[in-house]
Structures are given as structure tokens and as C-alpha cells.
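[1] Fold the following and give me the result.
(chains A, B, C and D)
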2 protein chains.
Amino acid sequence: MAQPTILDVAARAGVSKSLVSLVMRDAPSVSEAKRRAVLAAAAELDYRPNAVARSLVQRRTRVLGVLLSDLHNTFFADVLDGIAGRAAERGYKAMLNTGNRAPSGEADAIETLLELRADGLILTGPRLEAVRITEAARTVPVVLVARTMSANAVDCVSNDDVAGATLAVEHLVKLGHRRIAHIDGGSGAGAEARKQGYARTMRRHGLTSQARTARGDYTEEGGAKGVAALLARGPRPTAILAANDLSAIGALDALTRSGLQVPEDISLVGYDNTSVAALRHIDLTTIDQPREAMGRTAVDLLLERLERRRKAARRVVMPPTLVVRGTTAPPRES
Amino acid sequence: MAQPTILDVAARAGVSKSLVSLVMRDAPSVSEAKRRAVLAAAAELDYRPNAVARSLVQRRTRVLGVLLSDLHNTFFADVLDGIAGRAAERGYKAMLNTGNRAPSGEADAIETLLELRADGLILTGPRLEAVRITEAARTVPVVLVARTMSANAVDCVSNDDVAGATLAVEHLVKLGHRRIAHIDGGSGAGAEARKQGYARTMRRHGLTSQARTARGDYTEEGGAKGVAALLARGPRPTAILAANDLSAIGALDALTRSGLQVPEDISLVGYDNTSVAALRHIDLTTIDQPREAMGRTAVDLLLERLERRRKAARRVVMPPTLVVRGTTAPPRES
DNA sequence: GGGTGTTGTTGGAACGCTCCAACTTGCGTT
DNA sequence: AACGCAAGTTGGAGCGTTCCAACAACACCC
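    As a prediction, this is how the structure comes out:
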């Protein structure tokens, strides 16, 4: 026989299928004798409840659909860890689909998840148009991670980019830096807020006149070009805040290639605390987003809607933290 | 109404549910008029076929269960890209589950995938005991990626580690190196084969007397310690082959910290071509495994069993390639 | 004009489970 | 002795599809 069903188990244990069902879901009012008989029969047959059939009758799957914009970014891998862990704790499974980097792929992935009748959707860093998201939210609760939008069927979890950039600048100021430059993230997600945090904190310390921003784009090359621009003219900054780790690494390389030592000649701070930043050969001071916690929070938000029928949107902003490593030090002539 | 069903669509279009079903699967023998009527009704109702119900009656889900041992390793992310892409091409979905790094987590993940009635399983780099794998293979076809075992219900896709290490040594020999050392991967997957490839190729070039191997463990720290051991005594090697990129980076850092220049004083080769190796600040010569191709192949193997009912095990070994970057050069006094 | 197809359409059964109302038993209470 | 109630157990209906046998309508061919 292909896969044994609940009927096979019932026959073998000499009870009704209903009783087997009760045992499988370990319901309270089953006599110990029958429970054991059923479990024995199930074990002998290598029976495994068919989640498909169960989902059909219960009209829910206990599966949370997760869309990941980019698996190659370990940032998302950490978020997923948080999602999967929390989902498991609460009796749900996380089902992953990637958009294969194209926005149209994301739409397809969502469609697939909806056909499979995921109970809810978590979209991490989606590049998809907002309309498509609200459309999906008509069918099923949706939580956005690392992207915000306002629609009352959609919840959001993000990190406080302004606060993160502030932490970074405060750290540099405390070390004695005054000529602190910024390589921004262009039109990338959160880049604007990070730039704002930088600018405001500079102002708060009366350093607006020392502030300089080079255009970047969250890439390694963007970081390298940013350095080139900053070194090309004006007094050399004693510290640089890059908009993310990848561009910080591009900057790091450009700096060492032009003969400058980090952190002796110039300090450098990244953003995201990716695993690469922790490599000892890079050892980058950076801002950490609580990635796993963001994933867990996303699950909690979803389940509030699913199990407690919350209707109003919630927007959770999580605090980033500073991780000091080897690329920051006091300026040379302090 | 919650979610419209096929009956709602049928009523609205004035046809039977069977006809709607035919249109949805776009069957050939449906009149153009009715097809349009059905599609219009479906669109108006925002109808989406229920994959759960379909799977129940067809007794298959067209879902391939994928177990990833570690999402943080971008190696697996690439494999997954290959899997997801190929699966989509062939009308399947990839459903991902992570083991959360614990072998027991892997067993649970497999159990979940089987309850959800995945049609087949792809296990990438599983740390799970072999018994559990053959057990799962009794229910459903299983393909292993980056791990091999022999059981005729299980197929394997791996890279040719011996050949990869050979490529690396040949490259160094061609540059003029003779004192080539190896930092191995300890008991890690494929480490033994890589060491063998190294040793054999050294022998082939009559360099056995120059060969030296330091113990490593695929980690950054292992690479650093390996360098310490190699520098501690004996003539300094002019080139090092590390068992993977991560340990190569550890080695790189240890070398520069002890005042040696790479590649001027010493050449360095990694293995895996992870995204980190491509960072310009690291710029590591390494061996590339065809990761996406491995993922695609895994899907193909699974579908051969699923659709063509192949029974005998297949073991596919894919050829690695050399990626030359900036950490290798001719030895100083050649 | 009676077979023989072909094309298009249909209702009912089945997939494997959960849910529910209903049944049986045994026990305590009046 | 009759009753009520809780605990334990059961069969049947139903979840939303697909599959299949059957049928209607029409064309074609001697």
C-alpha cells in the first residue's frame, strides 16, 4: 500500500477512524488502552497524518508563506531563522519562496503561496509594487519586513535607520572625530533615513560645516567611488560612515589601495553587521539590526491577526545597536 | 464569501464545475465561448484554484521539499537558486525548510515536509545520520547535494573535490611554486578528497618531499592556526592551498598580520568561490563549484524518479573550475 | 437512415481527514 | 428503580478539487 491512511490504522487497532483522529491530535478524552493501541498500530504501519487532507477540512494550513527577495544576502537568512524558529514554537511552518530577484518573480511567488493556501504572508525586503501587496492582503494577512507602507491590512517590521546612523556618528564624535563624511545608499531601502540620521547628528554637534556626503548605492563599487570622490577634493575626512557593510568594504579597499591605513589614518563604520563584517580580515565597526528578533516579531504580528483577529495595522520599529570592531579609533592628531 | 470556490465560478459562468476545472487546467476541448465566460467569472470573483484540494485528489502536490542545513552559507543559497529555478521550469514548487543547524532539527524538518506530502526531497549538506535518510527514502525519492551515500533509493550530486584540489595545485605549479602547503578541512564534508587531490598532484610533480599539511577545520580560526603551524618551523612555503574560502581568509589575515605580503611573499588559494572571495578587499583565487548547476541537477534527478520511475541510484559528480584572482602570483625568487 | 466518430459538457464518486451529533456505558444521586 | 451526567466512542457529512463514465449534439460516410 502506498501511504497508509487513518482508516488503515483504525482497522489495525480495531477502532474507528474518529478515534485515531483524536489520538493523533492528542485529545484528552481517550482511554489509555486505546491510545496505546492506536499509537502502536500507527508506528507499525509507519503512518504519517496527511497534512493536505487536514488542511482541506480545517480550511487552514498552519503554514506561513515567506517571500525572500534575496537569499544571497545573509541579512535575510538571519531574518528567516527568526521567522522559522518562532513559527515552529507556535505550531506553524514557514514555507519559503524566493522572487528570483525579479519583481515579477515576486508576484508569481506570492500567487503560488496563496494557491497553496498559506494562512499568512511575510514579505522580507520585497521590491514589489505596493498595489500587488495590498491586493494580496485582501486574501490573507501580510507583514512586511525591512520595508514599510501604510495600508491597514499590512503590518511592518523595520529597524530605526535614523537611530542607527545616529549611534554611528555619536561613536565617532566620542572618539574625537569632527570631519566625518558619509557615503550614502542612493535610492536603496532605508538609505534616506540613514542619511538623515547622519545629518541630524552632525548638526546636533555643531558639525554641519564639516559634513560631506558622497553618493553611493549600497554596493562595493559604490563605496570605492565614494572614497574616490571624498579624497579628490577638500580636506580629508578623518572618519567615514558608509550606508551599509558592502559599501564600507568597497571603501575599505579603496582606502588601503590609496595608501591610507584604517583606522590609523581614517576610521570607517558600516551598517547591517553582515557576517562579512565579522571576518577578522575586515573587522568592521558597524550597526547591527536585530535580524532574528525582526523575524520573530513578524510572526507574532501575523499571528495576532490570525488568531486574535486584530484589524488595525501595526508598525514596529526595532532599535539597532553599535558593534565596535577594529576599523574605528581616535583621529591621529587629536 | 471567504474564498470563492470552483462552484461559485461555475454558477456565475452558468456552467458545471467540471467545465471550470477543465478551463483552469487549460484543457484542449473546451469551446472558446465557454472558456471566455469561465475566465471572466473567475477574474470577477478573484478566484484562485485551491492547491490543497487539488493535491488531495491527485495524490501529489507538485512540491519538492528542500532541506537546507545552513542558510547563512551562501553556497547553499546558490544551490537553492538552481533548485527553485529548475523546479519552476518543470512545473514544481520548491518548499524550503531549514534544520536550524541541529541534526534533530533536520529530522523534524523532513518529517514536516513528508506530512505536507512533498513529492520528493532534496537534502543539501545534511548532517543527519544515514539511517534517517534511507528511512525517508522509503516514502519518497530523495536526492542528496554535497553529501554522498550509497543506498539505491538515494541519488547524490556532488562536486569532484579531488579534481578541484588538483586544479589548484596545477595552477600553483605552473606559476613556479614548489613548496606548496595545504591547510586541510579536518573531518568536514569533502575535506578528505581535497587533501587527496592535493597529495596526489604533488606526487605527480615529484614534489612529495615539499608537501606539508596543517590541520584545519573549514573555519576562519582553523585557517589562522594552520598558518601559525606552517610558519612555526621548516622552510616557509611559497604557496598555501586552504581547504575552503573561509579558512583561506583566516590564513590571509594571519599572513598579513605576521608581515607577509600576499601574493608577493606567499600565494594563497581557497575553495568554494563564495561571494566573500570575490570582494575586492579579499580577491581570493579559488575553486568554483557549479552550485546552481548542482541544484538544477538535483531537481532533474528527482523528477527522473518521479516521472520516469527510475529505480537505480545515480551519483552525479560535477567538475569544478579554477577562478584566478589576486592572491596568486609567481614566487619571489623563481 | 443507421451506424461511427468527434467534440463538448456533465454529475457523481473519491481523495484523507476533521467535526459534529448521537450513541453507549458506567456511576452517582434521588 | 429511575434518572442525569460525564466519559468514551462512533458513523456520516463535508472540505474543494479531479477523474471518469456517460451523454448530447452534430458531422461524416457508405
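[2] Pull up the per-residue confidence for the residue of the stretch 151-300 of chain A found nearest DNA strand D.
    Using CB to the nearest atom of the strand, the closest approach of the stretch 151-300 of chain A to DNA strand D is made by residue A:153 at 21.2 Å. C-beta here means a position set from N, CA and C on the backbone, and glycine is covered the same way. pLDDT recorded at residue A:153 is 89.
[3] likewise residue A:52?
    pLDDT at residue A:52 comes out at 96.
[4] residue contacts, it?
    B:52, B:55-56, B:61, B:116-117 (CB atoms under 8 Å, 6 or more residues apart in numbering or on different chains).
[5] out of those, which are inside helices?
    Secondary structure defined by DSSP state H assigns B:52, B:55-56 of the contacts of residue A:52 to helices.
[6] and which of these is nearest residue B:265?
    residue B:55 (61.1 Å; CB to CB).
[7] The closest one touches residue B:118, doesn't it?
    No. If you go by CB atoms under 8 Å, residue B:55 and residue B:118 don't touch, sitting 10.3 Å apart.
[8] who touches both of these two?
    Counting by CB under 8 Å, 6+ apart, the common neighbours of residue B:55 and residue B:118 are residue B:61.
[9] what about residue A:107, which helix or strand?
    helix A:103-115 (DSSP states H and E).
[10] Ignore what I typed, I meant residue A:253.
    Per DSSP H and E: residue A:253 is located in helix A:245-257.
[11] Show me what the helix or strand just after that helix is packed up against.
    Going down the chain from helix A:245-257, the next helix or strand is strand A:267-269, by DSSP H and E. Using 3 or more CB pairs under 8 Å, 6 or more residues apart in numbering or on different chains; DSSP states H and E, the elements in contact with strand A:267-269 are helix A:161-175, strand A:239-242, helix A:245-257.
[12] now for those, which one comes closest to residue A:124?
    helix A:161-175 (16.1 Å).
[13] could you dump the closest one to CSV, C-alpha only?
    The C-alpha trace of helix A:161-175 is given here as CSV (Å, rounded to 0.1, in the frame of the first residue of the first chain):
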residue,chain,number,x,y,z
ASP,A,161,17.7,53.7,10.5
VAL,A,162,17.8,57.2,11.8
ALA,A,163,18.7,55.9,15.2
GLY,A,164,21.3,53.5,13.8
ALA,A,165,23.1,56.3,11.9
THR,A,166,23.0,58.4,15.0
LEU,A,167,24.7,55.7,17.0
ALA,A,168,27.4,55.5,14.4
VAL,A,169,28.1,59.3,14.4
GLU,A,170,27.9,59.6,18.2
HIS,A,171,30.6,56.8,18.4
LEU,A,172,32.9,58.7,16.0
VAL,A,173,32.3,62.0,17.7
LYS,A,174,33.1,60.5,21.1
LEU,A,175,36.4,59.2,19.7
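[14] So which elements touch the helix holding residue A:107?
    Under the contact criterion of 3+ CB pairs under 8 Å, 6+ apart, helix A:103-115 touches strand A:63-68, strand A:93-98, strand A:120-124, helix A:130-139.
[15] Give the rounded mean pLDDT of it.
    pLDDT averaged over helix A:103-115 gives 89.
[16] Just the buried residues of it, please?
    A:105-107, A:109-110, A:112-114 (16 or more other CB atoms under 10 Å in any protein chain shown).
[17] Get me the contact residues on the stretch 1-150 of chain A for DNA strand C.
    A:2-3, A:5-7, A:17-18, A:21, A:24-25, A:49-50, A:53-54, A:56-58 (CB under 7 Å from any atom of the strand).
[18] what about 10 Å?
    Those residues of the stretch 1-150 of chain A that sit near DNA strand C, judged by CB under 10 Å from any atom of the strand, are A:1-10, A:16-25, A:27, A:29, A:42, A:47-60.
[19] Now the buried members of the residues you listed.
    When these are checked for burial by 16+ other CB under 10 Å, the buried set is A:4-6, A:8-10, A:19-24, A:42, A:47, A:49-56.
[20] Pull the number of nearby residues for the nearest residue to residue A:110 once chain neighbours are set aside.
    Excluding its sequence neighbours, the residue lying closest to residue A:110 (CB to CB, 6 or more residues apart in numbering or on different chains) is residue A:136, at 5.3 Å. Around residue A:136 there are 23 other residues, counting by other CB atoms under 10 Å in any protein chain shown.
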